[in-house]
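# the sequence and its predicted three-dimensional model are supplied below.
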Amino acid sequence: MRRRKVQSSQLVPTVLKVTTWIFMSLVLFLPLVLIFSYALSGGLGKSFESLSSPDALSAIWLTVRTALIVVPINTLFGVILAWSVSKFEFRGKTLLITALDLPFAVSPVIIGMMILLLFGSRGIFGPLLQTWGVKIAFSTPGIILATLFVTFPFIARELISLMHAQGTEDELAATTLGASGWQTFFMVTLPNIKWGLLYGVLLTNARAMGEFGAVSVVSGHIRGKTNTIPLHVEILYNEYRFAAAFTIASVLVLLALVTLIAKHFAEASKGRKEKET
């Protein structure tokens with residue numbers, strides 16, 4: 001009887017592990033393999049030609065440039081928001097935390113439409129901005145604005161729970177010892193949240209590079225100007241240029257894999273630090 005219980009207890013984890021690996025293989029690993037196989041179906045020469053075309057280079061550069069602008073801005077405001085929410089009490093705090101989840105609750109397409117209603121040529125602020133020579137919709141600023149809105153919660157959400165768990169004892173101790181606000185932040189708060197911050201930055205970067213819905217609405221799909229990598233892939237696929245589409249898509253996949261590898265090393269470093277302490 002006891003042997004049967006032991007065998008049963010060992011069988012359940014095995015079944016769960018096998019089921020998990022089968023599911024991940026079908027849903028995650030197999031599509032990745034197919035993407036790279038289709039990308040190389042025309043040979044390395046065709047793949048290089050697809051990647052070196054002016055439209056592809058423009059899409060890659062626009063995607064990277066957008067991420068380079070969006071990630072630092074969201075990092076700054078994400079840390080400020082998480083610090084204020086987790087370390088201080090003020091009126092409207094609950095409403096602010098609830099509003100933080102708005103980009104998660106609203107479809108990215110709706111977010112793009114909201115930006116057009118505000119900054120489009122017939123929007124609320126669009127005509128006024130155009131008189132000053134500023135164009136938001138169907139241009140790079142609109143893409144950056146849409147990506148900012150979509151990716152804003154990642155860093156703040158990652159840090160709020162972490163800062164809540166850490167409490168305020170370390171900051172109070174530093175203040176008691178005569179540290180200023182900036183000294184407390186850079187010497188106490190920031191070292192305590194650095195791994196969570198890095199994790200949030202990686203998630204923000206991944207979403208910024210892969211965002212499609214909101215960017216698709218505000219970009220205008222202008223070849224060589226406002227097409228990011230996902231939009232360029234869509235255009236190539238709709239034109240039945242499948243090898244080129246999968247080649248460009250593989251670039252996005254590689255960027256995602258680099259992000260996952262960096263995330264893995266960040267989590268491993270965080271685990272080692274926690275064991276040491």
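The structure has been received and is ready for your questions. Because the structure is a prediction, the values reported are computed rather than measured. Numbers count the residues shown, from 1 in each chain.

# tell me which element residue 222 falls in.
Per DSSP states H and E, residue 222 falls between elements, in no helix or strand.

# burial count for it?
Residue 222 sits with 12 neighbouring residues when counted by other Cβ atoms under 10 Å. Any C-beta I mention is one placed from the backbone N, CA and C, and that applies to glycine too.

# so where's the stretch 1-150 of the chain uncertain?
Judged against pLDDT under 70, the low-scoring parts of the stretch 1-150 of the chain cover residues 1-10.

# mind running it again at 90?
Scanning the stretch 1-150 of the chain for pLDDT under 90 picks out 1-56, 80-109, 111-112, 114-140.

# how about the helices of it, start to end?
Assigned helices in the stretch 1-150 of the chain, in chain order: 2-24, 30-39, 44-51, 54-87, 93-100, 102-105, 108-119, 126-131, 140-151 (criterion: DSSP state H, counting those that start in this stretch).

# from residue 76, how far off is residue 183?
Applying Cβ to Cβ, to the nearest Å, one obtains 19 Å for the distance of residue 183 from residue 76.

# export stretch 15-23 as CSV, just CAs?
What follows is stretch 15-23 as a C-alpha-only set of coordinates in CSV (Å, rounded to 0.1, in the frame of the first residue of the first chain):
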residue,chain,number,x,y,z
VAL,A,15,2.8,13.6,-15.9
LEU,A,16,2.6,17.3,-15.2
LYS,A,17,6.2,17.8,-16.4
VAL,A,18,5.7,15.9,-19.6
THR,A,19,2.4,17.7,-20.3
THR,A,20,4.1,21.0,-19.7
TRP,A,21,7.0,20.2,-22.0
ILE,A,22,4.7,18.9,-24.8
PHE,A,23,2.5,22.1,-24.5
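
# just to check, residue 213 is in contact with residue 109?
Yes. With contact defined as Cβ atoms under 8 Å, residue 213 counts as touching residue 109 (4.6 Å).

# list the buried residues of stretch 99-116.
Of the residues in stretch 99-116, those scored as buried under the neighbour-count criterion (16 or more other Cβ atoms under 10 Å) are 100, 103, 108, 111, 112, 113, 114, 115, 116.

# and residue 123, how many residues sit next to it?
Here the number of neighbours of residue 123 (other Cβ under 10 Å) works out to 17.

# and it, its phi and psi?
Backbone torsions of residue 123, given as degrees, to the nearest 10, read phi -80, psi -170.

# what lies in contact with stretch 56-73?
By Cβ atoms under 8 Å, 6 or more residues apart in numbering, the surrounding residues in contact with stretch 56-73 are 50-51, 140, 143-144, 147-148, 151, 201, 204-205, 208-209, 223-229, 231-232, 244, 248, 251.

# which among these count as buried?
Neighbour counting by 16+ other Cβ under 10 Å classes 50-51, 140, 143-144, 147-148, 151, 201, 204-205, 208-209, 226-229, 231-232, 244, 248, 251 among the contacts of stretch 56-73 as buried.

# could I get the phi/psi values of residue 228?
In this entry, residue 228 is assigned phi and psi values of phi -90, psi -180 (degrees, to the nearest 10).

# measure it to residue 75 for me?
Residue 228 sits 20 Å away from residue 75 when distances are taken as Cβ to Cβ.

# from memory residue 237 sits against residue 245, does it?
Yes. Between residue 237 and residue 245 a contact is recorded at 4.2 Å, counting by Cβ under 8 Å.

# okay, those two: which has more neighbours?
The neighbour count for residue 237 versus residue 245, taken as other Cβ under 10 Å, is higher for residue 245 (22 against 15).
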